[in-house]
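Visitor: quick one, fold the following:
(one chain, ligands or ions: 1)
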Amino acid sequence: MTTPNALTLYTINMSHYSEKIRWLLDYEGIPYVEKALTPAIHALPMLLKGGRGQTTVPLVQSGNVRVQNSPRIVDWLAREYGPLTSFPEASRDEIVAIQRRFDAIGKGVARYLYLPGFAHSALILDIWTQFSTPWENRVVRVTYPVIKAMFQLKLKINKKDVAIAQKRIDAEIKWLEGRIKQGRYLVGNNLTVADITAASLLAPLACPPEHPIYGTVEFREKMAGAAQIWANSPALQWVRDLYAEHRGQIWKVMPNAA
Ligand SMILES: N[C@@H](CCC(=O)N[C@@H](CS)C(=O)NCC(=O)O)C(=O)O
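Guide: Residues are numbered from 1 along each chain as shown. Next comes the predicted model:
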């Protein structure tokens with residue numbers, strides 16, 4: 001086997017799809033360097049690198065190979081670095097089906113957080129610019145009203161669509177609760193990509209203290225405040241337990257360090 005090129009993971013600090021891949025790489029011990037992009041400024045480089053008409057993170061790059069979209073990244077990692085402990089071939093279909101369920105509520109989770117979150121511009125701007133260069137910081141702060149308006153439109157951040165999102169999230173939380181009654185892990189007796197996906201995509205609602213953004217008091221109160229309805233649910237407790245047991249330190253090396 002040839003040694004794959006060093007891996008770069010492109011993220012946005014508060015992106016839960018990025019957290020899913022970051023967790024998978026950390027858990028599997030696959031070395032990578034994280035480049036955390038500034039929201040809005042991320043769009044053009046991701047569009048060009050991804051080559052699929054999409055502007056989303058996460059995206060991984062190894063030499064000239066670039067893979068965008070978290071389920072595609074999971075498949076690619078399994079091919080390039082496999083076999084992965086968290087993606088056993090024998091349970092592949094079941095894991096992929098559960099991954100799909102929770103990937104499908106990611107946008108709803110973001111929508112749910114930004115509706116109350118946008119009332120707190122100072123917090124949003126501090127999170128968005130955590131890893132910005134000085135000029136990015138300036139650009140984002142000056143153009144914030146425009147970025148916010150575009151975000152609200154693209155992510156459908158309005159009361160009606162947030163109510164729809166809440167119903168869909170609630171349905172998956174109920175599904176998860178039924179499932180974890182049968183065992184600690186969603187598939188088999190070990191942590192798999194199914195657990196990593198469910199826990200990462202729900203982490204902004206569960207606010208595990210291990211997470212450098214979702215775990216802060218400010219985030220919990222100002223952005224995840226509305227998620228109080230699920231705060232004590234067994235599902236979100238399961239997310240926090242999984243973080244405590246399996247997540248390890250996030251950002252051992254800070255993004256953009258090199
Ligand atoms: N299906 C994609 C969804 C990724 C996604 O929605 N990422 C968000 C951040 S959590 C994003 O990049 N939003 C900005 C954009 O769409 O340009 C995946 O699984 O990677």
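
Visitor: residue contacts, the nearest residue to Tyr17 once chain neighbours are set aside?
Guide: In space, and not counting its chain neighbours, Tyr17 is closest to Ser70: 4.8 Å by CB to CB, 6 or more residues apart in numbering. C-beta: built from backbone N, CA, C; applies to glycine. The neighbours of Ser70, taking CB atoms under 8 Å, 6 or more residues apart in numbering as the test, are Tyr17, Lys20, Ile21, Pro58, Asp103, Thr197.

Visitor: any idea how far whatever helix or strand the third one lives in is from the chain center?
Guide: Under DSSP states H and E, the secondary-structure element containing Ile21 is helix 16-28. Here helix 16-28 is found 8 Å from its chain centre; the criterion is CA atoms, centre = their mean, to the nearest Å.

Visitor: wait, does it contact the ligand?
Guide: Yes. Remark: helix 16-28 sits within contact range of the ligand at His16, Tyr17, by CB under 6 Å from any ligand atom.

Visitor: what's in contact with that helix?
Guide: Against helix 16-28 from outside (CB under 8 Å, 6+ apart): 7, 9, 11-12, 32, 34, 56-58, 60, 70, 73-74, 77, 81, 84-86, 103, 106, 109-110, 191, 193, 196-197, 199-201, 203-204, 211, 246-248, 250.

Visitor: derive a PyMOL selection command for the buried subset of those.
Guide: The following PyMOL line selects those of the contacts of helix 16-28 that are buried, judged by 16 or more other CB atoms under 10 Å:
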select buried, resi 7+9+11+12+32+34+56+57+58+60+70+73+74+77+81+84+86+103+106+109+110+191+193+196+197+199+200+201+203+204+211+246+247+250
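
Visitor: which of the contacts of helix 16-28 fall in helices?
Guide: Counted as lying in helices by DSSP state H, out of the contacts of helix 16-28, are 70, 73-74, 77, 81, 103, 106, 109-110, 193, 196-197, 199-201, 203-204, 246.

Visitor: now do the contacts for the closest residue to the ligand within the stretch 101-250 of the chain.
Guide: Nearest residue of the stretch 101-250 of the chain to the ligand (CB to the nearest ligand atom) works out as Asp103 at 5.3 Å. Taking CB under 8 Å, 6+ apart, we find Asp103 in contact with Tyr17, Ser70, Pro71, Thr197, Leu201.

Visitor: what about stretch 229-236, average pLDDT?
Guide: The average pLDDT for stretch 229-236 rounds to 96.

Visitor: give the buried residues for it.
Guide: Trp230, Ser233, Ala235, Leu236.

Visitor: output that stretch as PDB - backbone C-alpha positions only.
Guide: Extracted in PDB, the C-alpha atoms of stretch 229-236 (Å, rounded to 0.1, in the frame of the first residue of the first chain):
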ATOM      1  CA  ILE A 229     -37.600  21.100  25.100                       C
ATOM      2  CA  TRP A 230     -35.200  18.200  24.500                       C
ATOM      3  CA  ALA A 231     -32.400  19.100  26.900                       C
ATOM      4  CA  ASN A 232     -33.200  16.400  29.400                       C
ATOM      5  CA  SER A 233     -34.200  13.800  26.800                       C
ATOM      6  CA  PRO A 234     -32.500  10.400  26.900                       C
ATOM      7  CA  ALA A 235     -31.400  11.100  23.300                       C
ATOM      8  CA  LEU A 236     -29.500  14.200  24.000                       C
END
